[in-house]
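[1] Okay, structure incoming, though there's no sequence with it:
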């Protein structure tokens, strides 16, 4: 007797494991993302995503017998155009012979690993735009990872409150910042934090009004001083091995003597 399985169903178990791992790893994005899967493309790979700026109109005082109509103010709905121009893929291919003759080959496990890696690459790509070059405003709480603690989070929360940001707030941290926060005695102490998850799992659910998560896709945006490997004046070429920088990162030069045209403590 032969069992026939439609080809569309043969990879279901593998794809399920990949999607499960993908959803778990990509979770931090859901804090900042709204799904517009029902918004159709208009033939040019672009969609208009609506967003709603905070209301700045002051409330007016109405006389007891006054008219509501005279007090009506306008509202604003803005839009940000998004181009759908990327399609990241992790491929997995094997034959029935490979699976049958290689007992250590586990396609379900490999599917899980592929899904996890795809999620990390997507997150890193999405968060790659979160750099000082793209958001050049004043830093709320400038800190290195080694000094980042609950007081810095409180500063962020205070600034959000003073700017009338909505109370449902999320914070996604680079691992170095997250785990230094985890080390803080006030968070480890269950009598203060209200949860043993910090010590047992290294997870911080809520802190100072923020839903807090961690992702390795978030860049630190706060590098340490590193000596240049070489400087070639004739070609204006600065060489630094293992710099860890990405396109758009902001750097500063510090030295006793700098080449003409380069200023110290200046963003480039």
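    Done, it's in. Given the structure is predicted, the values throughout are model-derived calculations rather than measurements.
[2] how does this structure divide into domains?
    Per automatic domain parsing, the structural domains of the chain span 11-33+79-127, 145-214, 223-268.
[3] which stretch in these is the model least sure about?
    Among those, domain 223-268 carries the lowest mean pLDDT, at a mean of 74.
[4] all strands of the stretch 101-250 of the chain, in order?
    Taking DSSP state E, counting those that start in this stretch, the strands of the stretch 101-250 of the chain run over residues 169-173, 206-207, 210-214, 230-232, 237-239.
[5] any chance of those strands in TSV, plus mean neighbour count and distance to residue 99?
    Where C-beta positions appear, they are placed from N, C-alpha and C, glycine not excepted. Below are the strands of the stretch 101-250 of the chain laid out as TSV (neighbours: other Cβ atoms under 10 Å; distance: least, Cβ to Cβ, whole Å):
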stretch	mean neighbour count	distance to residue 99
strand 169-173	19	38
strand 206-207	16	45
strand 210-214	19	36
strand 230-232	11	52
strand 237-239	12	48
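[6] circling back to that earlier point, for residue 68, which of the domains of the chain is the nearest?
    Of all the domains of the chain, domain 145-214 sits nearest to residue 68, with 24.1 Å by Cβ to Cβ.
[7] Could you tell me how far the closest one lies from the centre of the chain?
    Remark: domain 145-214 is offset 16 Å from the chain centroid, using Cα atoms, centre = their mean, to the nearest Å.
[8] sorry, back to before: please convert the strands of the stretch 101-250 of the chain to CSV, extending it with distance to residue 187.
    Listed next are these as CSV, based on distance: least, Cβ to Cβ, whole Å:
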stretch, distance to residue 187
strand 169-173, 13
strand 206-207, 7
strand 210-214, 10
strand 230-232, 44
strand 237-239, 40
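[9] Quick one, which of the ones you listed gets closest to residue 23.
    Smallest distance to residue 23 across the strands of the stretch 101-250 of the chain (Cβ to Cβ): 13.9 Å, for strand 210-214.
[10] Adjacent strands (with direction) for the closest one?
    Partners of strand 210-214 in the sheet, by DSSP bridges, are strand 169-173 (parallel), strand 206-207 (antiparallel).
[11] sec struct for residue 24, please.
    Secondary structure, DSSP: H, G, I helix; E, B strand; the rest coil: residue 24 is helix.
[12] what about residue 266, how many neighbours?
    If you count neighbours by other Cβ atoms under 10 Å, residue 266 ends up with 11.
[13] count of neighbours near the closest residue to it other than its chain neighbours?
    Leaving aside its sequence neighbours, residue 266 sits nearest to residue 252 (Cβ to Cβ, 6 or more residues apart in numbering; 6.3 Å). For residue 252, the count of nearby residues is 13 (other Cβ under 10 Å).
[14] so residue 252 touches residue 267, yeah?
    Yes - at 6.3 Å, residue 252 and residue 267 qualify as touching, with contact defined as Cβ atoms under 8 Å.
[15] so which of the strands paired with strand 210-214 gets nearest residue 188?
    Closest to residue 188 of the strands paired with strand 210-214 is strand 206-207 (Cβ to Cβ; 12.7 Å).
[16] Now do that closest one: everything it contacts.
    The contact list for strand 206-207 (Cβ atoms under 8 Å, 6 or more residues apart in numbering) reads 150, 153, 171, 181, 187, 212.
[17] which two in the residues you listed are spaced the farthest apart?
    171 and 187 (13.8 Å).
[18] Quick check: phi and psi at residue 27.
    The phi/psi pair for residue 27 (degrees, to the nearest 10) reads phi -50, psi -40.
[19] residues in contact with it?
    By Cβ under 8 Å, 6+ apart, the residues touching residue 27 are residue 213.
[20] who's in contact with the residue nearest the centre of the chain?
    Taking Cα atoms, centre = their mean, the centroid of the chain lies closest to residue 127, which sits 4.5 Å from it. For residue 127, the contact set (Cβ under 8 Å, 6+ apart) comprises 172, 215, 217, 218, 219.
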